[in-house]
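Visitor: my questions are about this predicted structure, shown below with the sequence.
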Amino acid sequence: MAIGVLEIKCPCCHTAIKVDADTGAVLAHKQPEKPPSIEDLAVAAANLKGEAAKREEIFQKSFAAEKNRESIMSKRFDELFKQAQEDPDKRPPHRDIDLD
């Protein structure tokens with residue numbers, strides 16, 4: 001290492017950086033080699049096929065729930081309306097903003 005050159009290793013990404021001590025300029029940097037993200041292409045392809053089936057299953061559940069949503073909301077409204085008819089004296093509490 002030359003005089004006036006600092007070698008710093010980043011704690012986050014482990015990159016080695018050489019900095020000139022006098023000027024503060026970066027002279028060189030070297031990033032560590034990353035391992036390949038996919039080691040076996042066949043295993044990765046099988047995982048993707050499995051994920052497609054999971055996505056389809058989630059979509060079908062969501063679709064079925066959306067089809068039943070209107071009837072569920074209607075039943076909820078009817079129940080709340082019935083409760084309001086049974087006890088008309090019970091009103092929601094007033095908020096200060098409603099009095100303006």
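Guide: Nice, I can see it. Numbers count the residues shown, from 1 in each chain.

Visitor: right, and Ala16 touches Val5 too?
Guide: No - taking C-beta atoms under 8 Å as the definition, Ala16 is not a contact partner of Val5, at 12.0 Å. No exception for glycine: its C-beta is placed from N, CA and C like everyone else's.

Visitor: how near is the residue positioned nearest the centre of the chain to Ala44?
Guide: Geometric centre of the chain, nearest residue: Arg55, 16.4 Å, by C-alpha atoms, centre = their mean. From Arg55 over to Ala44 the distance is 16 Å, taken as C-beta to C-beta, to the nearest Å.

Visitor: and the strands in the protein?
Guide: Counting by DSSP state E, one finds strands in the chain at the ranges 5-9, 16-20, 26-30.

Visitor: quick one: mean pLDDT for the first one?
Guide: Looking at strand 5-9 alone, the average pLDDT works out to 91.

Visitor: same check on stretch 72-90?
Guide: Stretch 72-90 shows an average pLDDT of 86 in the prediction.

Visitor: repeat that for stretch 38-48.
Guide: In this model, stretch 38-48 has a mean pLDDT of 82.

Visitor: and the closest residue to Thr15 other than its chain neighbours, how close does it get to Lys9?
Guide: The shortest distance from Thr15 to any residue other than its chain neighbours is 4.9 Å, reached at Gln31 (C-beta to C-beta, 6 or more residues apart in numbering). To Lys9, Gln31 is 11 Å away according to C-beta to C-beta.
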